[in-house]
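Asker: One predicted model, sequence on top.
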Amino acid sequence: MPRILKPKRRAIGNWKMNGLSANVDVAQEIAAGCAYLKVDVALCPPATLLGVMAQALAGTVVRSGGQDCHSAASGAHTGDIAAEMLSDCGATTVILGHSERRRDHGEKSPLIASKADAAARAGVVPIVCVGETEAEREAGRTLGVVRRQLRDSISESFDAGEAGERLVIAYEPVWAIGTGRTPTSPEIEAVHKALRQALKKRFGKAAKGISILYGGSVKASNAAEIFAIPNVDGALVGGASLSVKDFLPIVQALAEA
Ligand code: PGA
């Protein structure tokens with residue numbers, strides 16, 4: 001029987017469409033501050049910075065990741081990036097199905113499932129994002145929405161690994177992203193519990209090892225409270241990951257959780 005590991009504590013920084021080559025220094029400073037913390041940290045810069053960031057982070061504990069990939073390995077897809085190309089640039093993970101891509105690019109869950117398969121094919125761990133809009137929450141549809149997104153954004157044949165190490169899930173309420181607003185702890189707990197149960201049905205014992213991250217206005221001031229919630233294994237951090245002084249305390253809080 002494979003030993004089922006606890007989910008890894010992970011802090012993932014999503015730089016979104018921010019950062020020029022000069023900002024790679026920030027990544028290096030973050031890496032220096034994380035050196036002795038027992039947290040898996042990855043920074044996901046814009047694709048233009050991936051190569052230079054991977055070089056800057058070589059030999060540190062911080063990894064780099066992409067923010068999206070195409071489902072094909074190569075071909076006539078102007079402007080797109082294959083998972084194999086992310087891997088070639090040193091990325092070990094990729095954010096998929098972020099609500100900003102669902103909104104700006106009309107991405108639907110079945111497409112995200114094919115991208116997750118592509119990431120797996122390239123040996124890159126997908127971070128599959130789910131989350132309800134404010135209207136869906138107000139209509140009492142949160143759990144139904146995230147369960148359906150989870151089901152449809154991961155294909156039937158997806159292999160999460162014996163210990164769940166090949167898949168990460170991020171719960172990001174759309175209305176909490178970049179707004180400074182967060183759900184209450186019981187609200188976050190209810191969603192993470194539902195996600196864990198759904199993963200259990202799908203992946204059996206390996207579900208225990210799949211990290212379920214919370215994302216949406218995570219900051220130094222709310223990190224400890226969020227990380228104390230059952231089934232919260234870390235955070236996907238947007239705005240606060242652009243600054244050393246904002247991001248490091250979050251990683252520290254996770255290391256101490
Ligand atoms: P935020 O973004 O931390 O700036 O709210 C989170 C995300 O979109 O991943």
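Answerer: Received, thanks. Numbering: from 1, shown residues only.
Asker: What segments of the stretch 151-257 of the chain are strands?
Answerer: 168-171, 211-215, 234-237 (DSSP state E, counting those that start in this stretch).
Asker: wait, what's in contact with K219?
Answerer: 240, 246, 250 (C-beta atoms under 8 Å, 6 or more residues apart in numbering). Just so you know, the C-beta spots here come from the backbone N, C-alpha and C atoms, and that holds for glycine as well.
Asker: Would you mind measuring from the first one to the ligand?
Answerer: It refers to A240. For A240, the distance to the ligand equals 6 Å [C-beta to the nearest ligand atom, to the nearest Å].
Asker: My read is that P249 contacts N222, right?
Answerer: No. Taking C-beta atoms under 8 Å as the definition, P249 is not a contact partner of N222, at 10.9 Å.
Asker: Doesn't I12 belong to a strand?
Answerer: Yes. The assignment for I12 by DSSP: H, G, I helix; E, B strand; the rest coil puts it in a strand.
Asker: who does it bridge with?
Answerer: A42, L236 (DSSP bridges).
Asker: wait, it sits on C44?
Answerer: Yes. Judged on C-beta under 8 Å, I12 makes contact with C44 at a distance of 6.5 Å.
Asker: Which one of the two is surrounded by more residues?
Answerer: Applying other C-beta atoms under 10 Å to I12 and C44 shows that C44 carries more neighbours, namely 29 against 25.
Asker: Could I get the contacting residues of that one?
Answerer: With C-beta under 8 Å, 6+ apart, C44 has these contacts: 12-15, 64-67, 93-95.
Asker: again, only this time at 6 Å
Answerer: 14, 65, 67, 95 (C-beta atoms under 6 Å, 6 or more residues apart in numbering).
Asker: now do G215
Answerer: Counted by C-beta under 6 Å, 6+ apart, G215 has contacts 170, 172, 236.
Asker: Grab the nearest non-local neighbour of it.
Answerer: L236 (3.4 Å; C-beta to C-beta, 6 or more residues apart in numbering).
Asker: got a pLDDT number for the closest residue to the ligand within the chain?
Answerer: The minimum distance from the chain to the ligand, using C-beta to the nearest ligand atom, falls at G238 (2.2 Å). What the model reports for G238 is a pLDDT of 97.
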